[in-house]
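> All I have is the shape, not the residue letters:
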DNA sequence: ATGCTTGGATAGTGACACTCCCCAACAGGG
DNA sequence: CCCTGTTGGGGAGTGTCACTATCCAAGCAT
């Protein structure tokens, strides 16, 4: 199909598609003549993924490119591709190492992971971005006077550990080929985030109503 | 204290503090002379909250102002203030009502809430922003070919329902006065979001390692 | 008196995600 | 064959956002 049809079928303006092509978020179409290119279903699919990551997931264009690059990297195995892709996801400000609150938070996060038996203790020496995220958030809470002890965090971690099992079940259900599985993993990781946050706010509203009455 | 001291104690540049004052994120200081103002501990506290919301929580300056306005609104009761404040929190793109996927998603969300017995069914006719967030995300998943049925969403909702109980316990633990409780509720709602997301990514990485082996 | 600091206001910066516009190369109708 | 309208590419422009740099007059400190 032509760019115009790709635009119509995806609901994305041609100008934006051209921008994505320039930025490398979409592979170039098959050049038919010097001034025309042909796009296929895979372009449509990729475009929809890009749109979902950027608009719903709030991922930046640059991060999206990194994620997609990892997704397409045939030199990596299934698992490494998933790891690399999720690794490229945005992770907010990295923690300020000079702050004493950051140091406390890092120790607390380490002890929590150790308690849970999650693998980023002595087994690996790399620091995943998600750990930085966690440390930053704990440090911010600390500085604001809301210290979250390990026993406060543990129920969250346990609950999310169980949900992760469910997440991976979904990935295996949707993905036939390894390529599809990796794509599904990225999509589900990112797009379930707003689902989680929205459900949490609704749950809090419900619980608040239950405790403090009507209205 | 002077603006310079407020800056030093908070780690925020004077230029940024002045910007926040202009934007109404901080109440003006007590004017001592025509060119000098005095700030108190409450300014420092409020400034730290603003910083945490903006930097860690990713809340925009405009949303932060709305949240703080609700927080300070003495005409509302405890519960309404909390609701209004959380209401003002960012909630991504609102759903495109013309899209058929959005309609499907909305019905699914409604049925989920009904199944859970959460109060936004027949009891109220207002639509909280969080519900819009949820609908948008479900619709995006649908369009991408990852339909999430009610039974897929239910475990997430149940888990978050339990965590909400824990959240509110924390709020009651930290907040003595109603004012403090409302502030704690906002801070914990926003700042536990990155904690949740980070723990989820770590949990997924752990589960992925467990299923697909080492590396 | 003088030199530095302070608070307020205005204008500028850089990042980001598009979006506009122009151009040359086509494709199809007459 | 020619003319009109469309296509894809590419550079430049737009609007938003969260600051940030500069200027100025009014203090305070010496």
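That came through fine. Since the structure is predicted, the reported quantities are computational estimates derived from the model, not experimental observations.
> Excluding chain neighbours, give the residue nearest to the most centrally placed residue in chain A in space.
Against the mean C-alpha coordinate of chain A, by Cα atoms, centre = their mean, the closest residue is residue A:190 at 3.7 Å. With sequence-adjacent residues excluded and distances taken as Cβ to Cβ, 6 or more residues apart in numbering or on different chains, residue A:190 is closest to residue A:57, at 3.8 Å. In short, each C-beta sits where N, CA and C put it, glycine included.
> The one you found: what's it in contact with?
By Cβ atoms under 8 Å, 6 or more residues apart in numbering or on different chains, the contact set of residue A:57 is A:190, A:191, A:193, A:194.
> show me what contacts the last one?
For residue A:194, the residues meeting the contact criterion (Cβ under 8 Å, 6+ apart) are A:56, A:57, B:92, B:133, B:134, B:136, B:137.
> same thing but at 6 Å, please
Neighbour list for residue A:194: B:133, B:137 [criterion: Cβ atoms under 6 Å, 6 or more residues apart in numbering or on different chains].
> quick one: which helix or strand includes it?
Applying DSSP states H and E as the criterion places residue A:194 in helix A:178-212.
> Next, count neighbours for the residue in chain A that DNA strand D sits nearest to.
Residue of chain A nearest DNA strand D, by Cβ to the nearest atom of the strand: residue A:3 (2.9 Å). Number of residues near residue A:3 (other Cβ atoms under 10 Å in any protein chain shown) recorded here: 17.
> Now for the nearest residue to it once chain neighbours are set aside, how many residues are close by?
Of all residues not flanking residue A:3 in the chain, residue A:14 sits nearest, at 5.5 Å (Cβ to Cβ, 6+ apart). Using other Cβ under 10 Å, residue A:14 has 13 neighbouring residues.
> hang on, isn't residue A:14 packed against residue A:8?
No. With contacts counted by Cβ atoms under 6 Å, residue A:14 stays clear of residue A:8, the gap being 9.2 Å.
> Overlap of the contact sets of those two?
Residues touching both residue A:14 and residue A:8 (Cβ under 6 Å, 6+ apart): none.
> thinking again about what came up before, pLDDT wise, what is the residue nearest to residue A:3 at?
In this model, residue A:14 is scored at 93, pLDDT.
> so residue A:201 touches residue B:130, yeah?
Yes. Checked against Cβ under 6 Å, the pair residue A:201 and residue B:130 is within contact range at 3.8 Å.
> What score does residue A:182 have for pLDDT?
Looking at residue A:182, its pLDDT stands at 88.
> Contacts only, for it.
Listed by Cβ under 6 Å, 6+ apart, the contact set of residue A:182 reads A:71, A:81, A:82.
> Can you lay out those as TSV showing secondary structure?
Output for the contacts of residue A:182, formatted as TSV (DSSP: H, G, I helix; E, B strand; the rest coil):
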residue	secondary structure
A:71	helix
A:81	helix
A:82	helix
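> out of those, who has the most neighbours?
Within these, neighbour counts (other Cβ under 10 Å) peak at residue A:82, which reaches 26 neighbours.
> Which secondary structure element is home to residue A:89?
In the assignment (DSSP H and E), residue A:89 maps to no helix and no strand.
> Against DNA strand C, how distant is it?
13 Å (Cβ to the nearest atom of the strand, to the nearest Å).
> and that residue, what pLDDT?
pLDDT, the model's per-residue confidence, is 85 for residue A:89.
> Also residue A:36?
Residue A:36 is assigned 85 on the pLDDT scale.
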